[in-house]
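Undergrad: for reference, the sequence and a predicted model appear below.
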Amino acid sequence: MTYNKKLTSLACVLFSTALMGNNLIAATNPAALLPIDCMANAKIYPSRDYALNVWPKDSIVAEVGIFRGEFSKKIIDIVQPQKLHLLDINLEPFNRTNITGYEEKTQIQEGDSSTLLATYNDGFFDVIYIDGDHRYEGCKKDAVEAFKKLKVGGLLVFNDYTHFDQFACRPYGMPYGVPAVAHEMLLDPSLNLTISYLALQPSGFYDLGLLKN
């Protein structure tokens, strides 16, 4: 087997394992098994940074959960959005030097992300990147609101698509919910979502990009 074929096989195994939704750890909300149809045109990318190259240029983007803003800078550098909306419950860690030179095209808002998203018109965004509350209830609120605010043909991207996050969930005593929420939305026929891509990460905290059809 060639090196490329080995990489392809490994990626397929990782993709299949991630999408099966096995409840490997009790503190994880189990995610339902997905049908092959919803991933028929899905791509696998080596990292979330690489996946930014498939986001539409000159687009309207929302990043939900920005922390220090390192990924915000990568969005600016690679996607060059027409407008970048940065939302977080706590802006204290945010390093504003990450948006240097892009201040006029960036809107920063502090507060509950689902509440902030609700203030935008439906179908407003081209891409919404969700990296906020990783617990089931919080992630579901963000995702449901984000779907309404996303254009048809837009991308809804879930960060940290993994089955357990010991850092995010341990203090709260609540099940980790990112895969469960993503799968529920994919299985809802009224939403007409399909998987656009899976972006791998060395840590195993993948990105899952969903296309709104």
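TA: Perfect, I can see it now. Numbering: from 1, shown residues only.
Undergrad: any idea how far apart the tips of stretch 90-102 sit?
TA: End-to-end span of stretch 90-102 (C-alpha to C-alpha, to the nearest Å): 21 Å.
Undergrad: so for that stretch, mean pLDDT?
TA: Averaged over stretch 90-102, pLDDT sits at 97.
Undergrad: how many neighbouring residues does L200 have?
TA: By other C-beta atoms under 10 Å, 21 other residues sit near L200. Glycine gets a C-beta too; all of them are placed from N, C-alpha and C.
Undergrad: distance of it from D160?
TA: Counting by C-beta to C-beta, to the nearest Å, the gap from L200 to D160 is 13 Å.
Undergrad: quick one: common contacting residues for those two?
TA: The contact sets of L200 and D160 overlap at Y206 (C-beta atoms under 8 Å, 6 or more residues apart in numbering).
Undergrad: so which residue is smack in the middle of the protein?
TA: Nearest residue to the geometric centre of the chain (C-alpha atoms, centre = their mean): F158, 1.9 Å.
Undergrad: who does the helix or strand hosting that residue pair up with?
TA: Assigned by DSSP states H and E, F158 belongs to strand 150-161. Next to strand 150-161 in the sheet, as set by DSSP bridges, lie strand 125-130 (parallel), strand 206-212 (antiparallel).
Undergrad: starting at the chain centroid, how far to the last one?
TA: Spelled out, it's strand 206-212. Relative to its parent chain, strand 206-212 has a centroid offset of 6 Å by C-alpha atoms, centre = their mean, to the nearest Å.
Undergrad: who touches that strand?
TA: Everything outside strand 206-212 that qualifies as a contact, by C-beta under 8 Å, 6+ apart, is 18, 48, 51, 54, 147, 150-162, 182, 185-186, 191-201.
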